[in-house]
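# Whatever this is, show me its structure:
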Amino acid sequence: MGDIVAKLSKKEKSTSDLPAVEYDDVIAKDGILNKNIENKPHGKIGTYFDRETVLFGKLRPYLKNWLNPQFNGVAVGDW
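Residues are numbered from 1 along each chain as shown. Prediction:
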């Protein structure tokens with residue numbers, strides 16, 4: 001598995017250029033955002049990801065909460 005995936009660990013603070021994505025911002029199983037995250041408050045600490053990353057929710061994995069973002073950002077919470 002380590003040959004095809006890697007755990008990200010670089011911590012960043014969300015900004016207008018690095019929006020925060022939280023677990024409840026994504027529609028489970030559909031992999032799409034349920035709101036405009038650019039309007040969310042900035043300053044949340046999370047794991048930096050880039051547009052080539054696939055986020056997968058660790059909390060209740062049977063919900064299949066995932067996101068393939070087309071932007072760089074900060075994953076906050078159980079990703």
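
# May I ask which helix or strand encompasses the most centrally placed residue in the chain?
Centroid-nearest residue in the chain: Ala75, 3.7 Å away (criterion: C-alpha atoms, centre = their mean). Taking DSSP states H and E as the definition, Ala75 sits inside strand 73-76.

# quick one: contacts of that strand?
In this structure, residues lying in contact with strand 73-76 by C-beta atoms under 8 Å, 6 or more residues apart in numbering are 8, 12-14, 18-22, 37, 44-49, 55. Using the backbone N, CA and C atoms, a C-beta is placed for each residue, glycine as well.

# Okay, now the unreliable bits of this structure?
Applying pLDDT under 70 to the chain picks out residues 1.

# What segments of this structure are strands?
11-13, 20-22, 26-27, 32-33, 45-49, 55-56, 66-67, 73-76 (DSSP state E).

# Count the neighbours of the closest residue to Ile27 other than its chain neighbours for me.
Nearest residue to Ile27, sequence neighbours excluded (C-beta to C-beta, 6 or more residues apart in numbering): Asn34, at 5.0 Å. The number of residues packed near Asn34 is 11, by other C-beta atoms under 10 Å.

# unless I'm mixing things up, Asn34 is touching Tyr23, no?
No. Counting by C-beta atoms under 8 Å, Asn34 stays clear of Tyr23, with 11.1 Å between them.

# and Gln70, how far is that from Glu12?
18 Å (C-beta to C-beta, to the nearest Å).

# Same drill for these two, tell me which one is more crowded.
Between Gln70 and Glu12, counting by other C-beta under 10 Å, Glu12 is the more crowded of the two (17 against 7).

# This completes my enquiry, with thanks.
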